[in-house]
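Q: From the sequence below, what's the structure:
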Amino acid sequence: MREAAEAEGAGWPEVSDEQAAGLGVDWNIFPNMVLVFSLDSTLVFRSRPDGKRNDRCIFDMWGLIRCNPENPPAPTSEFFEDWRENIDKIPSLLVQDLRNIEKVQAGMASRSFAGSRISPVQERQIFNLHKNLREYIGK
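A: Presented below is the predicted three-dimensional model:
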């Protein structure tokens, strides 16, 4: 990544391995935004209620890339009514996540689903989101 960024004139930050690890992988911004970092890009995700159906949401994705400031690419924007119809335009890792989310949502709608327990260690972000939601709503 460093070689490609420098070849394009985008430069590369001088950070130690410890500094890079300290940046974290992702940050959650209450109530509905996630920033996923790397040294050459950032992904931004935002989810919002659909308003028409409680089993759907509006999911926004933005990608910010390191680029040559003298020759930046033109910004692009696309809207997908249904992500499944545009799988070739979405990174495969995100497609895998979207498919998993869809299956989890279907399972949660099952009559046999009585609720879930999360790991307060491995799923700390989810735990913290629900803690903040309870404080925000007042329950």
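Q: count of neighbours near residue 61?
A: Residues near residue 61, counting by other Cβ atoms under 10 Å, number 16. Placement of C-beta: from N, CA and C, glycine included.
Q: that's a helix at it, yeah?
A: No: using DSSP: H, G, I helix; E, B strand; the rest coil, the secondary structure at residue 61 is strand, not a helix.
Q: Isn't it up against residue 36?
A: No: applying Cβ atoms under 8 Å as the test, residue 61 and residue 36 come out as separate, 10.1 Å apart.
Q: Now do the shared contacts for those two.
A: 43, 44, 45 (Cβ atoms under 8 Å, 6 or more residues apart in numbering).
Q: Buried members of those residues into ChimeraX, please.
A: Remark: buried members of the shared contacts of residue 61 and residue 36, expressed as a ChimeraX selection using 16 or more other Cβ atoms under 10 Å:
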select :43,45
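Q: okay if I get the shared contacts of residue 61 and residue 36 as TSV plus pLDDT?
A: Below are these laid out as TSV (pLDDT from 0 to 100):
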residue	pLDDT
43	90
44	94
45	93
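Q: what about residue 29, distance to residue 20?
A: For residue 29, the distance to residue 20 (Cβ to Cβ, to the nearest Å) stands at 21 Å.
Q: State the phi and psi torsions of residue 77.
A: Dihedral pair for residue 77: phi -150, psi 140, per degrees, to the nearest 10.
Q: What's the separation between it and residue 63?
A: Distance from residue 77 to residue 63, by Cβ to Cβ: 11 Å.
Q: out of the two, which sits in the more crowded spot?
A: residue 63 (11 against 5).
Q: thought the more buried one was touching residue 38?
A: No: assessed by Cβ under 8 Å, residue 63 is found out of contact with residue 38, at 10.9 Å.
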